[in-house]
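*Asks:* Sequence first, then the predicted structure, then my questions.
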Amino acid sequence: MAKKLRTAVVLLGIALLPMSAHAHCDAADGPVATAAVRALDAGQVNLMLPFAPAGAEPELRAVFDQALNVRKHGPDAKALADRYFMETAVRLHRAGEGAPYTGLKPAGTDFGPAIPAAEEALETGKPDAVTALMTEQVGHGIAEKYRETTDLRSASNEPTTQAEVAKARDRVSAELAFIGYVEGIYLAAKGGMHVEAAPTQEHHHGTE
């Protein structure tokens with residue numbers, strides 16, 4: 001029973017974690033699509049290969065060569081070739097994550113403040129701002145969940161009526177949600193959760 005409860009709590013924590021890091025890889029101005037266009041402009045497929053699983057390299061190389069050839073036939077052909085290669089690159093990257101590909105999202109899609117803050121930290125070499133952002137958000141999240149839980153703590157631990165059972169059920173649900181939320185954050189911070197899959201190893205370096 002304890003093992004099942006712990007599993008349920010951990011899964012609940014996972015469900016509460018944001019998934020925008022995955023979606024970020026699907027954007028037309030995201031790191032994968034940007035690397036794809038940069039590779040085409042330079043004529044160097046190697047600029048794109050680090051973003052794809054090793055097993056996808058033959059397909060990516062073949063589509064890259066096709067895109068380079070099509071690009072020569074004018075602006076419209078170039079736009080189509082670029083789009084096709086970007087979509088292929090993102091699809092193969094997502095496959096390496098074990099995640100579905102749902103299409104290329106428009107450039108400028110708002111994924112919230114965390115991703116830009118993380119990217120800025122990598123560009124500047126200063127993680128202070130992203131650390132402050134995450135500390136603030138985690139603090140707010142824990143405080144809110146805790147408040148929701150304590151509001152229900154008056155429910156009896158030994159309910160004797162149907163009404164008391166209903167209140168106790170709400171209390172238990174809130175308590176498990178709070179525990180799951182905290183443990184989910186802890187596991188993610190510890191690196192025990194999959195956030196971004198690696199092209200050549202099982203975990204990505206975290207730039208996305």
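*Replies:* That came through fine.

*Asks:* same for the helix ranked longest in the chain, what does it pack against?
*Replies:* Criterion DSSP state H: the longest helix present in the chain is helix 162-190. In terms of contacts (3 or more CB pairs under 8 Å, 6 or more residues apart in numbering; DSSP states H and E), helix 162-190 is packed against helix 2-16, helix 128-150. All C-beta atoms are positioned from the backbone trio N, CA, C, and that covers glycine.

*Asks:* what about the last one, distance to the chain center?
*Replies:* In this view, helix 128-150 has its centroid 19 Å away from the chain centroid, taken as CA atoms, centre = their mean, to the nearest Å.

*Asks:* Also stretch 56-73?
*Replies:* 28 Å.

*Asks:* Lowest-scoring secondary structure element of this protein by mean pLDDT?
*Replies:* Lowest by mean pLDDT, DSSP states H and E among the helices and strands of the chain is helix 2-16, with a mean of 42.

*Asks:* contacts for the helix or strand where residue 62 lies?
*Replies:* Using DSSP states H and E, residue 62 falls within helix 57-71. Helix 57-71 has contacts (CB atoms under 8 Å, 6 or more residues apart in numbering) with 39-40, 43, 45, 48-49, 52, 77-78, 80-82, 84-85, 88-89, 92.

*Asks:* Can you tell me which of the residues you listed end up in helices?
*Replies:* 39, 40, 77, 78, 80, 81, 82, 84, 85, 88, 89, 92.

*Asks:* Tally up the residues packed near the closest residue to the fifth one other than its chain neighbours, please.
*Replies:* Counting by CB to CB, 6 or more residues apart in numbering, residue 80 lies nearest to residue 70, which is 6.8 Å off, once chain neighbours are set aside. The number of residues packed around residue 70, counting by other CB atoms under 10 Å, is 16.

*Asks:* now residue 70: how far from residue 64?
*Replies:* In this view, residue 70 and residue 64 are 11 Å apart by CB to CB, to the nearest Å.

*Asks:* Does residue 134 touch residue 115 like I think?
*Replies:* No - judged on CB atoms under 8 Å, residue 134 makes no contact with residue 115 at a distance of 11.9 Å.

*Asks:* can you count the residues close to residue 74?
*Replies:* 10.

*Asks:* one step back: which ChimeraX command selects the buried ones in the contacts of helix 57-71?
*Replies:* Burial among these is assessed by 16 or more other CB atoms under 10 Å; the matching ChimeraX selection reads:
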select :39,40,45,48,49,52,81,82,85,88,89,92
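
*Asks:* doesn't residue 25 make contact with residue 31?
*Replies:* Yes - assessed by CB under 8 Å, residue 31 is found in contact with residue 25 at 6.9 Å.

*Asks:* Have a look at those two and say which one is more surrounded.
*Replies:* Between residue 31 and residue 25, counting by other CB under 10 Å, residue 25 is the more crowded of the two (23 against 16).
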